[in-house]
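A.B. asks: Quick check, what structure comes out for this input:
(4 chains)
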2 protein chains.
Amino acid sequence: MTVPPRDRTRRVTLLDVAQAAGVSRATASLVVRRSPLVGQATRDRVKAAIRDLGYVYDVGAARLREGRSRTVGVVLPNLSNPFFADMLTGIEAVLDAEDMAVMVANSRDSPAKQDVFAKRMREHDVAGIILCAATDTPDTFLNRARGWGMPAVQALRRISEGTDYAGTDYAGGMRQVVRHFAGLGHRRIAFVAGDRDHSALRERLSGFALGAELGLETEVAAIPLTHACGRAVASDLWTGFGPPTAIVCFNDVVALGLLKGLRDLGLRVGRDVSVAGFDDVPEAALAYPALTSVETRPTAIGEAAAGLLLYRLGNPDAPARTVVEGADLVVRESSGPPETAERVALT
Amino acid sequence: MTVPPRDRTRRVTLLDVAQAAGVSRATASLVVRRSPLVGQATRDRVKAAIRDLGYVYDVGAARLREGRSRTVGVVLPNLSNPFFADMLTGIEAVLDAEDMAVMVANSRDSPAKQDVFAKRMREHDVAGIILCAATDTPDTFLNRARGWGMPAVQALRRISEGTDYAGTDYAGGMRQVVRHFAGLGHRRIAFVAGDRDHSALRERLSGFALGAELGLETEVAAIPLTHACGRAVASDLWTGFGPPTAIVCFNDVVALGLLKGLRDLGLRVGRDVSVAGFDDVPEAALAYPALTSVETRPTAIGEAAAGLLLYRLGNPDAPARTVVEGADLVVRESSGPPETAERVALT
DNA sequence: AGGCCCTCTTAGATCGATCCAACACGTCAA
DNA sequence: TTGACGTGTTGGATCGATCTAAGAGGGCCT
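C.D. replies: The predicted model follows:
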């Protein structure tokens, strides 16, 4: 696809404005930048000229000269996941308020694509990037970015220390779930985890370890994080001897699928078996039965990440900062005390 | 927040590359643009220099000179809605393949913010924009854009003719729902619509009119398009005499809320009352009971919109085109034949 | 009157690329 | 030998802004 140059009518430039207002280009420039150096009368004349001619500021030209850009790159692993979409909403809101533009890219969890995007954003000279790293991103990635002089903030997934990071206390959230299950009297619990390794998984796993510490029997299953796989894993969990009486899922996407899969098996979730998810997506409250879930605030995380980046742009040499949003368990109908041992009469 | 200029080490420019390779700036430029005019030996030398010096192309400087940009603006009314997030995924995928960057903005359904974004994108000199117009956007909006020489594609919501448009056949989808309900034997049907006016609503309404044509009693309720309101509207529909036996919702967000609301009332959805939604979001199949829904393909629409824009950039004066994706009804458990008249024994 | 400061304005260089017209050089036909 | 032609290469102008350092003009003080 080749795109022909557009010229239409030549763009109105600051020079045109200056001439119309009877001042120099430099003065006109000062006016658009709201400099206090310019006299009121002159300012008014220039503003009038801007209106009359329909002048449009050229951010790109300014950036070229200034060497400073008002665009931020955001690289996410999966735009279709409502969680990341919400995070993007938070990022966008904060940057918008600072009159910054957001350039977005979807790595589809591929480090290779992520590299391509990093290069493209560098070519576009973004002021910095917010990165939710793809699985298997080498931990040198951020050092490279630093070498380029491009500030980077990690969000949700952490691949290396020494860089700003905004995320959720997944480990703490998971511990709340485990304590909740244990408190209800469950003795065998399972964690349906994702099959791809990143910090957000490791943190959940570390929290889940509390189960063993409390003397519970624990089990971990790894599956792709989709509705379909969550649904399908239900029967797997019931094949062996002594199936778990409580299951926590990596996120609500999987949990909602699992809920359906368990219903398909004729189990009454919340009585025969308990389920909890992560993220507390809006659908969690509507599910049947309503889903117990750990609330992680994607919008807040996005806002925090954007905030960190803005601060970093103003203070390039400040020490790295970390913002960890708390994660709170919301108990609903899908989790309850286990029934007595003879309850499972499946086969 | 003021951002100091960054200089670090001066940027490596084409001139540096040219000198290192012993050629002129112009030749180096031809190499980076993959022009066939350059001899193989020279090309190799330049490429080596690019690698050795770590040269990074400056898209902005190129754009300034060329007068042609490789960035596209996307303005959406609600990034948090998974439907739009999916659409963005489609847009991003197509533009990415053309090596174009995506600048995204969230109008939050406010025409005023939308105007601000349009201005910002113009200042950034985007090659074109994809717009899903905020409610109450004046229909002059796109004429203004045309006046600026900025190609615009409308997606999903149409505010004026004469511009490229990609959307879904909402009217046709709605007619399928109405026929489905009628075929099951329903005589009183309701449409839970949104309370904000735009083409996507009007099209659904026009499809719903088929109900009256078929001799059914019809009713329309307008509510904000949220889970909570969908849930709350359930009891309203049951207050009057002769409540509907089948209800179609503006989208699945509302439908999932309604499902919950009806369950709260003790109704068995799919038997006592039938429900259908729009969009067929992934959660629809997992809902209880599984939700009948009209499948509208957000990713495909995003791809179509991006395709239209790319074509438009290559053919500024081609006539406006319209792409309407078909919308197919997916029947699940939430819709079934009405039970006999005495079924409703609520109060 | 002369010197100084303060406010406002400006010419010219500059950012990093592309476009244009010209040109070097070799080959080949007349 | 000359001219035409094709292939590669190039200097200089240019895109639209900002930066720098200098200058105009007025008021105030000595």
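A.B. asks: Next up, the contacts around A:Met277.
C.D. replies: Wrong residue type there; residue A:277 is Gly, not Met. Residues counted as contacts of A:Gly277 (Cβ atoms under 8 Å, 6 or more residues apart in numbering or on different chains) are A:248-249, A:251-252, A:254-256, A:284, A:291-294. C-betas here are computed from N, CA, C, even on glycine.
A.B. asks: mind running it again at 10 Å?
C.D. replies: A:177, A:192, A:230, A:247-259, A:283-284, A:287, A:291-294, A:330, A:332, A:334 (Cβ atoms under 10 Å, 6 or more residues apart in numbering or on different chains).
A.B. asks: can you narrow these to ones near chain B?
C.D. replies: A:230, A:252-253, A:255-259, A:283, A:287 (Cβ under 10 Å from any Cβ of the partner chain).
A.B. asks: Give me the buried subset of the residues you listed.
C.D. replies: Buried by 16 or more other Cβ atoms under 10 Å in any protein chain shown: A:230, A:252-253, A:255-259, A:283, A:287, out of those.
A.B. asks: Among the contacts of A:Gly277, which are located in helices?
C.D. replies: Among the contacts of A:Gly277, the ones falling in helices (DSSP state H) are A:177, A:230, A:252-259, A:283-284.
A.B. asks: Not counting sequence-adjacent ones, nearest residue to A:Asp86?
C.D. replies: A:Pro298 (3.7 Å; Cβ to Cβ, 6 or more residues apart in numbering or on different chains).
A.B. asks: what number of residues lie near the one you found?
C.D. replies: Residues contacting A:Pro298 under the criterion other Cβ atoms under 10 Å in any protein chain shown number 25.
A.B. asks: can you pull out the helices in chain A?
C.D. replies: Under DSSP H, chain A gives helices at A:14-21, A:25-32, A:40-53, A:59-66, A:82-97, A:111-123, A:141-147, A:170-184, A:199-213, A:227-237, A:252-264, A:282-286, A:298-314.
A.B. asks: Buried deepest among these, which one?
C.D. replies: helix A:252-264 (a mean of 26; mean count of other Cβ atoms under 10 Å in any protein chain shown).
A.B. asks: Would stretch A:65-80 count as contacting DNA strand C?
C.D. replies: Yes: Stretch A:65-80 is in contact with DNA strand C by Cβ under 7 Å from any atom of the strand, via A:65, A:67.
A.B. asks: Just the mean pLDDT for that stretch, thanks.
C.D. replies: Averaging pLDDT along stretch A:65-80 yields 94.
A.B. asks: Could you tell me the end-to-end distance of that stretch?
C.D. replies: Chord length of stretch A:65-80, first to last residue, is 37 Å (Cα to Cα, to the nearest Å).
A.B. asks: Now do the buried residues in that stretch.
C.D. replies: Those would be A:69-80, for stretch A:65-80 by 16+ other Cβ under 10 Å.
A.B. asks: And DNA strand D, is that stretch touching that?
C.D. replies: Yes: Stretch A:65-80 lies within reach of DNA strand D by Cβ under 7 Å from any atom of the strand, at A:65-66.
A.B. asks: what distance separates that stretch from the middle of the whole chain?
C.D. replies: 14 Å (Cα atoms, centre = their mean, to the nearest Å).
A.B. asks: now do stretch A:252-271
C.D. replies: For stretch A:252-271, the distance to the chain centre is 27 Å (Cα atoms, centre = their mean).
A.B. asks: what do you get for stretch A:269-287?
C.D. replies: With Cα atoms, centre = their mean as the basis, the mean position of stretch A:269-287 lies at 22 Å from the chain mean.
A.B. asks: tell me the mean pLDDT for it?
C.D. replies: On average, stretch A:269-287 scores 94.
A.B. asks: And for stretch A:188-203?
C.D. replies: Rounded mean pLDDT across stretch A:188-203 is 94.
A.B. asks: What is the end-to-end distance of it?
C.D. replies: Span of stretch A:188-203 from end to end, Cα to Cα: 21 Å.
A.B. asks: before we move on, what about stretch A:285-292?
C.D. replies: 8 Å.
A.B. asks: Specify which member of the buried ones among the ones next to chain B among the contacts of A:Gly277 is nearest to DNA strand C.
C.D. replies: Taking Cβ to the nearest atom of the strand as the measure, DNA strand C lies nearest A:Val253 of those, at 42.6 Å.
A.B. asks: Could you list the low-confidence segments of the stretch 1-150 of chain A?
C.D. replies: A:1-9 (pLDDT under 70).
A.B. asks: interface residues of it facing DNA strand C?
C.D. replies: Residues of the stretch 1-150 of chain A lying near DNA strand C by Cβ under 7 Å from any atom of the strand: A:5, A:18, A:22-27, A:30, A:36-39, A:41-43, A:61, A:64-65, A:67.
A.B. asks: What is the neighbour count of A:Arg158?
C.D. replies: 21.
A.B. asks: List the residues that contact it.
C.D. replies: A:132-133, A:139, A:142, A:165-167, A:198-200, A:202-203, A:322.
A.B. asks: The same query, at a cut-off of 8 Å, please.
C.D. replies: A:133, A:165, A:167, A:199.
A.B. asks: give the contact list for the second one.
C.D. replies: A:Tyr165 makes contact with A:153-155, A:158, A:308, A:320-323 under the criterion Cβ under 8 Å, 6+ apart.
A.B. asks: Any figure for the gap between the closest residue to A:Met103 other than its chain neighbours and DNA strand D?
C.D. replies: Taking Cβ to Cβ, 6+ apart as the measure, A:Met103 lies nearest to A:Gly73, with 4.9 Å between them; neighbours along the chain are not counted. Distance, A:Gly73 to DNA strand D, by Cβ to the nearest atom of the strand, to the nearest Å: 22 Å.
A.B. asks: A:Gly73 and A:Glu66, how far apart?
C.D. replies: 18 Å (Cβ to Cβ, to the nearest Å).
A.B. asks: One more: A:Asp136?
C.D. replies: The value you get for A:Asp136 to A:Glu66, if Cβ to Cβ is used, is 37 Å.
A.B. asks: got it, and A:Thr89?
C.D. replies: Applying Cβ to Cβ to A:Thr89 and A:Glu66 gives a distance of 29 Å.
A.B. asks: Report the contact partners of the nearest residue to A:Ala232 once chain neighbours are set aside.
C.D. replies: Using Cβ to Cβ, 6+ apart and skipping the chain neighbours, the partner closest in space to A:Ala232 is A:Gly261 (6.4 Å). Contacts of A:Gly261 were listed using Cβ under 8 Å, 6+ apart, and they are A:230-235.
A.B. asks: what's the closest of those residues to chain B?
C.D. replies: Closest approach to chain B among those (Cβ to the nearest Cβ): A:Arg231, at 7.4 Å.
A.B. asks: burial of the nearest residue in space to A:Ala190 that is not next to it in sequence, as a residue count?
C.D. replies: Distances taken as Cβ to Cβ, 6+ apart put A:Pro244 closest to A:Ala190, at 3.8 Å, once the chain neighbours are dropped. By other Cβ under 10 Å, 25 other residues sit near A:Pro244.
A.B. asks: With the one 3 residues further on instead?
C.D. replies: Residues contacting A:Ile247 under the criterion other Cβ under 10 Å number 31.
A.B. asks: my read: A:Leu88 touches A:Leu76, true?
C.D. replies: Yes: with contact defined as Cβ atoms under 8 Å, A:Leu88 reaches A:Leu76; the gap is 6.6 Å.
A.B. asks: what do these two both touch?
C.D. replies: In contact with both A:Leu88 and A:Leu76: A:Val104, using Cβ under 8 Å, 6+ apart.
A.B. asks: Go through stretch A:268-282 and flag the buried ones.
C.D. replies: Result for stretch A:268-282 [16+ other Cβ under 10 Å]: buried residues A:269-270, A:272-282.
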